[in-house]
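Student: need a structure here:
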Amino acid sequence: MAGRRPKPTALKLVTGNPGRRLLNSAKPTPPPYSVPPPKHLSNTAKEIWERLTLLLNSMGILTIADAFALKKLCDIYAEILRYRALIESNGETF
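Tutor: Residues are numbered from 1 along each chain as shown. Next up, the predicted model:
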């Protein structure tokens, strides 16, 4: 495909649509995503889930399409916090 990649509709709205082209009104928009944290997450990961979903929902950007990535983010961030605490108590080791 030759030429520039098209700007997302949301970005055109923010920048004021300088090209004055028609905006895509048929763009698919997934429904908002608001569910309790998955049962398999640790307690720390569940707390992170609650904070992130609250923040992302208040911004209006959390959708069902983000669910898998959000689960992994919470899981990995909780693991990082656990390892930081382990290093603080035992010191750095090789």
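Student: now do the buried residues in the lengthiest helix in the chain.
Tutor: Criterion DSSP state H: the longest helix present in the chain is helix 67-90. By neighbour count on 16 or more other Cβ atoms under 10 Å, the buried set for helix 67-90 is 70, 71, 74, 75, 78. All C-beta atoms are positioned from the backbone trio N, CA, C, and that covers glycine.
Student: using neighbour counts, pick out the buried residues of the lowest-mean-pLDDT helix or strand in the chain.
Tutor: When each helix and strand of the chain is scored by mean pLDDT, DSSP states H and E, helix 9-15 comes last, with a mean of 81. For helix 9-15, a neighbour-count test (16+ other Cβ under 10 Å) marks residue 12 as buried.
Student: of the buried residues of helix 67-90, closest to residue 86?
Tutor: residue 78 (12.8 Å; Cβ to Cβ).
Student: continuing past the least confident helix or strand of the chain, what's the next helix or strand?
Tutor: The helix or strand immediately downstream of helix 9-15 is helix 43-59, counting by DSSP states H and E.
Student: and that following helix, what does it pack against?
Tutor: Secondary-structure packing of helix 43-59 (3 or more Cβ pairs under 8 Å, 6 or more residues apart in numbering; DSSP states H and E): helix 67-90.
Student: who does the helix it packs on touch, helix- and strand-wise?
Tutor: When contacts are defined as 3+ Cβ pairs under 8 Å, 6+ apart, helix 67-90 packs onto helix 43-59.
Student: what does the helix it packs on contact?
Tutor: Here helix 43-59 makes contact (Cβ atoms under 8 Å, 6 or more residues apart in numbering) with 32-34, 37-38, 41, 62, 66, 70-71, 73-75, 77-78, 81-82.
Student: could you do stretch 22-37 as well?
Tutor: Residues contacting stretch 22-37 (Cβ under 8 Å, 6+ apart): 9, 12-13, 17, 45-46, 49-50, 53, 57, 60, 62-67, 74.
Student: ok, now which ones touch residue 63?
Tutor: Residue 63 touches 29, 30, 31, 32, 33, counting by Cβ under 8 Å, 6+ apart.
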